[in-house]
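S.K.: my questions are about this predicted structure, shown below with the sequence.
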Amino acid sequence: MPRPTLSVRTPNRRPARRSRRRRIGAALAAFACTAAISACGTKGTAPGVKGGGPAVSQRDLGGLADEAARLTNTATSLTAHAVIIEDRGDGKPTVLTVDASFTFDTSTAFDVHVTGTEGADGELIEVGQGVYARGNSAFWKRFTNEAITADLPVPVASGGYAKVPYKQILVQDLLRLLDPAPILTTPGITWNPSRESDGTRHLAYTNPLGRVEFVFPADGGAFPRRMLHQDWPRSTTVDYSSFNAPAAIAPPPSAETTDLMDSPIWQKSTYSVF
């Protein structure tokens with residue numbers, strides 16, 4: 001499974017799988033680097049994040065952090081449901097709901113369905129070197145900009161698939177927000193382990209930039225059940241339903257896809273973050 005250059009590699013990691021994670025490693029670096037130099041060991045509970053249970057030692061949890069890092073970093077697939085909220089305190093929070101399937105075999109592939117504020121509804125697929133998108137006008141406005149939306153070809157504006165340049169559509173942030181391995185494998189983080197009254201096991205890290213917490217089932221196992229990540233103004237909750245389940249992600253049929261790779265509409269594009 002490809003991971004950022006910050007991560008410790010396993011011997012069987014394929015070069016093709018590393019390059020994609022380099023694209024999201026920079027986005028994670030601000031949090032990771034601060035993790036290494038500030039506020040390590042701080043215990044706290046951010047609003048809306050479960051935590052603060054009785055502290056236990058890493059030994060008591062049997063090396064949970066190391067095992068979780070190893071397992072997620074070598075997982076061949078994951079499926080997840082996420083709710084991402086951005087609230088700048090202006091009374092107009094934006095909400096994005098994501099249902100995603102990822103596979104990490106010879107390369108990264110994913111199929112992501114997103115819905116959000118202002119009625120955004122769409123799908124993103126990446127297979128091999130291709131990124132495909134389809135959705136309503138609110139989706140295109142959110143993931144590119146309004147100028148692009150006005151100039152979309154009729155088949156795409158009507159809900160058909162488009163093949164799009166990777167850099168022109170928001171993909172990196174989704175990968176960074178949903179995949180647990182880049183955070184779990186980041187060097188320099190001192191995790192605060194705890195066990196809640198319901199038996200669930202938690203690993204939390206807090207620094208001045210935000211907080212991340214992983215929740216693990218009470219009955220053992222080192223695959224996380226949930227990840228909570230707060231990095232103002234964004235709050236993300238990711239629930240994982242499976243790891244390593246058989247999955248196949250395919251590109252949409254070529255007859256149903258409009259190729260926008262070299263379209264002049266991208267001259268109007270500005271990279272979007274939700």
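M.R.: Sure, I can see it. Predicted model only: the values in this text are computed from it and were never measured. Residues are numbered from 1 along each chain as shown.
S.K.: which stretches of the stretch 51-200 of the chain have low pLDDT?
M.R.: Per-residue confidence for the stretch 51-200 of the chain (pLDDT under 70) gives these ranges: 51-62, 170-174.
S.K.: could you pull out the helices for it?
M.R.: Using DSSP state H, counting those that start in this stretch, the helices of the stretch 51-200 of the chain run over residues 64-73, 137-143, 146-150, 154-157, 172-178, 181-184.
S.K.: which of the ones you listed sits closest to Phe243?
M.R.: helix 64-73 (7.2 Å; Cβ to Cβ). C-betas here are computed from N, CA, C, even on glycine.
S.K.: in the closest one, what counts as buried?
M.R.: 64-65, 67-73 (16 or more other Cβ atoms under 10 Å).
S.K.: what of stretch 250-267?
M.R.: 251-252, 257-258, 260, 263, 265-266.
S.K.: one more: stretch 105-116?
M.R.: 107-112, 114-116.
S.K.: as CSV, the residues you listed with distance to Lys141 would be great.
M.R.: As requested, the buried residues of stretch 105-116 are exported to CSV (distance: Cβ to Cβ, whole Å):
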residue, distance to Lys141
Ser107, 30
Thr108, 26
Ala109, 26
Phe110, 22
Asp111, 22
Val112, 17
Val114, 13
Thr115, 14
Gly116, 11
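S.K.: cross these against strands and list the overlap.
M.R.: 108-112, 114-116 (DSSP state E).
S.K.: pLDDT score assigned to the closest residue in space to Pro217 that isn't next to it in sequence?
M.R.: In space, and not counting its chain neighbours, Pro217 is closest to Arg225: 5.4 Å by Cβ to Cβ, 6 or more residues apart in numbering. The model reports Arg225 with a pLDDT of 97.
S.K.: I'd like to know how far Arg225 sits from Leu260.
M.R.: Arg225 sits 38 Å away from Leu260, going by Cβ to Cβ, to the nearest Å.
S.K.: and for Pro246?
M.R.: 32 Å.
S.K.: what's the answer for Val112, then?
M.R.: Distance from Val112 to Leu260, by Cβ to Cβ: 18 Å.
S.K.: before we move on, what about Gly221?
M.R.: For Gly221, the distance to Leu260 - Cβ to Cβ - is 43 Å.
S.K.: also Thr190?
M.R.: Distance from Thr190 to Leu260, by Cβ to Cβ: 46 Å.
S.K.: now swap in Pro165 and tell me
M.R.: 8 Å.
S.K.: quick one: common contacting residues for these two?
M.R.: Trp266 (Cβ atoms under 8 Å, 6 or more residues apart in numbering).
S.K.: where exactly do the strands run in the stretch 101-250 of the chain?
M.R.: 108-116, 121-127, 130-135, 161-164, 192-195, 201-207, 210-216, 226-231, 234-243 (DSSP state E, counting those that start in this stretch).
S.K.: tell me which residues are up against the third one.
M.R.: This means strand 130-135. 114, 120-126, 139-140, 143, 156, 159-166, 169, 171, 251-252, 257.
S.K.: doesn't Val127 make contact with Ala250?
M.R.: Yes - with contact defined as Cβ atoms under 8 Å, Ala250 reaches Val127; the gap is 6.5 Å.
S.K.: and the helices of the stretch 51-200 of the chain, which is most packed in?
M.R.: Most buried of the helices of the stretch 51-200 of the chain, by mean neighbour count (mean count of other Cβ atoms under 10 Å): helix 181-184, with a mean of 24.
S.K.: who are the packing partners of that helix?
M.R.: With contacts defined as 3 or more Cβ pairs under 8 Å, 6 or more residues apart in numbering; DSSP states H and E, helix 181-184 has these neighbours: helix 15-37, helix 64-73.
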